[in-house]
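>>> Sharing a model that was predicted from the sequence below.
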Amino acid sequence: MKKKSIKDIAQDLELSKTTVSFVLNDKGDEKNISKKTQKKVLDYVKKVNYHPNQIAKSLKQGQTNTIGYLVPDISNPFFAKIGRLLEDHFWEKGYHLIIGSTDENKDKETQVLNMFVNRQVDALIVASCFIQSDTIKSLLSRDFPLVFFDREDPDVKANYILVENKISMKNAIEKTIYSGAKKLGLITLTPDIYSLKNRIEGYKMALKDNNIVFDSNLIRIVDNNDLKKTTERELRKLIESNVDTIVFTNNQITVIAIWLMNTYYKDKVNTIKFVSFDNVDLFDYSLPKVNSVAQPIKEVTEQISKMILQIIHSKKNENKRIELTPKLIERN
């Protein structure tokens with residue numbers, strides 16, 4: 001059976017399209033349409049199982065009640081937990097969250113951002129490595145409702161929800177130094193990411209302030225597209241360099257390294273200490289022991305949600321920058 005349109009319903013009931021439309025949009029009383037006519041329309045649409053085209057309705061209203069959430073990797077526990085909490089926050093406010101991953105790839109980020117915009121999302125929440133890309137510059141120039149989190153570009157004015165990286169990493173490393181660490185290596189993803197640069201800077205500051213000679217050979221870089229293989233390679237190099245502590249700028253690398261240690265270096269799990277930016281529950285039970293910088297996920301989520309809804313409702317970007325303080329969890 002052909003799906004009924006508003007035009008069909010109006011013809012069947014011998015009413016105008018305008019009258020039917022007003023009733024279906026809960027404007028019957030406002031437009032002085034009799035209760036009898038309103039009931040007639042509502043009973044009929046129920047009888048013929050009529051459902052409005054929500055996409056067309058949203059486009060007509062200029063709002064789709066959808067929000068895009070774009071992160072490097074949704075399987076990362078940090079991004080996954082924030083995404084899950086945001087989904088709950090926005091659901092209560094009548095919005096749906098659409099999720100995408102970029103794999104730290106500029107072309108993919110551009111394509112997914114364009115897809116979100118073409119779907120006419122009401123706002124975007126983005127953890128981007130490419131804040132100066134043409135796509136993002138275009139969105140910012142149009143005053144599109146947009147909030148960045150986890151990463152920032154100091155040269156770009158925008159809305160940011162961030163966690164302090166440099167001093168937090170320095171403090172976590174110093175706890176290990178105070179307990180006897182003397183040779184500390186570091187494994188990181190691409191140091192081009194602003195937040196990771198700050199974490200590496202925190203590592204260097206900790207060494208300098210504690211009179212430990214910095215050795216650039218002890219900073220090892222892994223490939224996001226092949227984390228397991230490259231982490232195995234760089235972990236081996238640090239162990240061969242006789243480090244007593246390994247610092248990680250990302251929890252995913254830390255988790256892989258824990259598995260590698262328990263698979264290939266069981267004799268080292270009690271002698272090498274780990275320090276990780278980001279925390280996962282696994283660290284409570286794992287060897288090597290991990291001192292971790294736990295980001296305030298609940299607070300980050302609340303701040304993102306609050307800022308996004310303010311921008312949507314006020315239709316104004318204020319270019320706010322909010323920086324939150326993480327918590328150090330000591331296990332050594």
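That came through fine.

>>> ok now do residue 38, which residues does it touch?
23, 28-29 (C-beta atoms under 8 Å, 6 or more residues apart in numbering). (C-beta placed from N, C-alpha, C; glycine too.)

>>> That one: which element?
helix 35-47 (DSSP states H and E).

>>> Restricting to C-alpha, output that helix in CSV.
This file holds the C-alpha atoms of helix 35-47, laid out as CSV (Å, rounded to 0.1, in the frame of the first residue of the first chain):
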residue,chain,number,x,y,z
LYS,A,35,-11.4,19.9,18.8
LYS,A,36,-13.7,17.9,16.6
THR,A,37,-11.5,18.5,13.5
GLN,A,38,-8.3,17.9,15.4
LYS,A,39,-9.7,14.5,16.7
LYS,A,40,-10.8,13.7,13.1
VAL,A,41,-7.3,14.2,11.8
LEU,A,42,-5.5,12.4,14.6
ASP,A,43,-7.9,9.4,14.5
TYR,A,44,-7.4,9.1,10.8
VAL,A,45,-3.6,9.3,10.8
LYS,A,46,-3.6,6.6,13.5
LYS,A,47,-5.9,4.5,11.3
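
>>> sec struct for the residue lying closest to residue 321 once chain neighbours are set aside, please.
The shortest distance from residue 321 to any non-neighbouring residue, by C-beta to C-beta, 6 or more residues apart in numbering, is to residue 160 (4.6 Å). The assignment at residue 160 comes out as strand when based on DSSP: H, G, I helix; E, B strand; the rest coil.

>>> List the buried residues of stretch 239-257.
Buried residues in stretch 239-257, counted by 16 or more other C-beta atoms under 10 Å: 239, 243, 245-257.

>>> go on, stretch 310-330?
Buried, per 16+ other C-beta under 10 Å, within stretch 310-330: 310-312, 317, 322, 326, 328.

>>> mean confidence for that stretch?
Average pLDDT, stretch 310-330: 93.

>>> ok, and what's touching it?
Residues contacting stretch 310-330 (C-beta under 8 Å, 6+ apart): 122-123, 143, 145-147, 152, 157-164, 168, 171-172, 175, 279, 283, 291-296, 299-300, 303, 307.

>>> Write the PyMOL selection for whichever of those residues are buried.
A single PyMOL command selects the buried members of those (16+ other C-beta under 10 Å):
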select buried, resi 122+123+145+146+147+152+158+159+160+161+162+163+164+168+171+172+175+279+283+291+292+293+294+295+300+303+307
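
>>> Inside strands: which ones of the contacts of stretch 310-330?
Among those, the members falling in strands (DSSP state E) are 123, 146-147, 159-163, 291-294.

>>> Pick out the most distant pair among those residues.
Using C-beta to C-beta, those span at most 36.4 Å, a distance reached by 123 and 291.

>>> so where's this protein shaky on pLDDT?
Counting by pLDDT under 70, the ranges of the chain that qualify are 1-2, 52-62.

>>> longest helix in it, by residue count?
Selection of the longest helix in the chain by residue count, based on DSSP state H, yields helix 297-314.
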